[in-house]
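>>> Fold the following and give me the result.
(one chain, ligands or ions: 1)
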Amino acid sequence: MAAVIEFDRFSYTHPGAPGPVIQDLSLDIGKGEFLAVVGGSGVGKSTLLRTAAGLIAPSAGQMHFRLPQRAGRRRRAVVFQDGRLLPWRTVAGNVAYGLETLDVDAAEKRGRVDEALRMTGLAEFADRWPHQLSGGQAQRVGIARALAVKPDILLMDEPFSAVDALTRRHLQAELMRIWQATHAAIMFVTHDIDEAVFLADRVVVLGGRPANVAENLVIDLPRPRDRGHADFGRHVAHLSAQLGVD
Ligand SMILES: Nc1ncnc2c1ncn2[C@@H]1O[C@H](COP(=O)(O)OP(=O)(O)OP(=O)(O)O)[C@@H](O)[C@H]1O
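Next up is the predicted model:
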């Protein structure tokens, strides 16, 4: 599988910190692949994702993009845990935000906003304001905003951790549908092992200090995934043992 992003002996040291958080990590994310990243608190998951997002630069080693820049699209888009909506813009205005610095005309812009709202089940909420949304709806707006720029890779940092358990299940199923429709690669950071096994083609466990890839587990279960499947439970148990949780 061709790689979208390639970490090559990547290391990162926070300014002023005595040593690296992550050292000599090599990892590829394939075109269209759904990669989940799990690991204990503070191990460096967000650091890896923020590097993939271009928000921080490697201290040593490299991070390569293997896809060309294409007109009217971004190679990457980020979805944060808290949605990060602009309170002075409507839902549609928030979704349009990422398009404003892209070279697309007004009709294309409108079409993309409508499509992203439809895919995330928000069509009827286009004119609402962020304070009128539930947590799950706000998170959907964050996803719609990312989809509107048609990214090759979607970078998601614990996107569902602030919503209730039932909404979380709905969002997981929705994300599956969206992923299958868009063919974007996804790098998905989560604390939740069940969520990682439900969603991902491959689960990477970060571990150690400094951190590196402690486990690289391919989840070869049929989709849509069935939590009752014996192998589902086997993968969850294996990863839980690896992470030291029961
Ligand atoms: N500005 C900073 N200066 C020094 N150390 C930092 C700084 N920001 C984060 N760290 C440390 O870097 C490590 C990695 O942080 P990171 O946020 O990547 O971990 P994480 O695995 O995403 O954690 P969590 O699951 O708790 O969100 C942590 O131990 C954290 O304390």
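
>>> which SS class is the closest residue to Pro151 other than its chain neighbours?
On the basis of CB to CB, 6 or more residues apart in numbering, the spatially nearest residue to Pro151 that is not a chain neighbour turns out to be Ala77, at 4.0 Å. The C-beta positions use only the backbone N, C-alpha and C, and glycine is treated the same way. Reducing the assignment to helix, strand or coil with DSSP: H, G, I helix; E, B strand; the rest coil, the entry for Ala77 is strand.

>>> number of nearby residues for Ala77?
Ala77: 23 surrounding residues under other CB atoms under 10 Å.

>>> likewise the one 10 residues further on?
Residues near Pro87, counting by other CB under 10 Å, number 8.

>>> got it, and Leu206?
When neighbours are defined as other CB under 10 Å, Leu206 has 24 of them.

>>> Give the helix, strand or coil label for the residue nearest the centre of the chain.
The chain has Met156 as the residue nearest its centroid, 2.2 Å off, counting by CA atoms, centre = their mean. Applying three-state DSSP to Met156 yields a three-state assignment of strand.

>>> And for the one 5 residues further on?
Under three-state DSSP, Ser161 falls in the coil class.

>>> Check the contact between it and Thr190; I expect there is one.
Yes - here Ser161 lies in contact with Thr190, judged by CB atoms under 8 Å, at a distance of 7.4 Å.

>>> So between these two, which is more surrounded?
Each of Ser161 and Thr190 has its neighbours counted (other CB under 10 Å); Thr190 has more, 22 against 15.

>>> hmm, back to that, partner residues bridging the residue nearest to the centre of the chain?
In this structure, Met156 has the following beta-bridge partners (DSSP bridges): Val79, Phe188.

>>> For it, give me its contacts.
The neighbourhood of Met156, defined by CB atoms under 8 Å, 6 or more residues apart in numbering, consists of 49, 78-79, 186-189.

>>> Can I get the top helix by length along the chain in PDB? Just the C-alpha atoms.
Longest helix of the chain, by residue count under DSSP state H: helix 165-182. Written as PDB, here are the backbone C-alpha positions of helix 165-182 (Å, rounded to 0.1, in the frame of the first residue of the first chain):
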ATOM      1  CA  ALA A 165     -21.400   6.600  25.500                       C
ATOM      2  CA  LEU A 166     -24.500   6.300  23.200                       C
ATOM      3  CA  THR A 167     -23.600   9.300  21.100                       C
ATOM      4  CA  ARG A 168     -20.100   7.900  20.800                       C
ATOM      5  CA  ARG A 169     -21.400   4.700  19.300                       C
ATOM      6  CA  HIS A 170     -23.400   6.700  16.800                       C
ATOM      7  CA  LEU A 171     -20.400   8.800  15.900                       C
ATOM      8  CA  GLN A 172     -18.200   5.700  15.400                       C
ATOM      9  CA  ALA A 173     -20.700   4.200  13.000                       C
ATOM     10  CA  GLU A 174     -21.000   7.500  11.200                       C
ATOM     11  CA  LEU A 175     -17.300   7.900  10.900                       C
ATOM     12  CA  MET A 176     -17.100   4.400   9.400                       C
ATOM     13  CA  ARG A 177     -19.600   5.300   6.700                       C
ATOM     14  CA  ILE A 178     -17.800   8.600   6.000                       C
ATOM     15  CA  TRP A 179     -14.400   6.900   5.800                       C
ATOM     16  CA  GLN A 180     -15.800   4.300   3.300                       C
ATOM     17  CA  ALA A 181     -17.400   7.000   1.200                       C
ATOM     18  CA  THR A 182     -14.400   9.400   1.000                       C
END
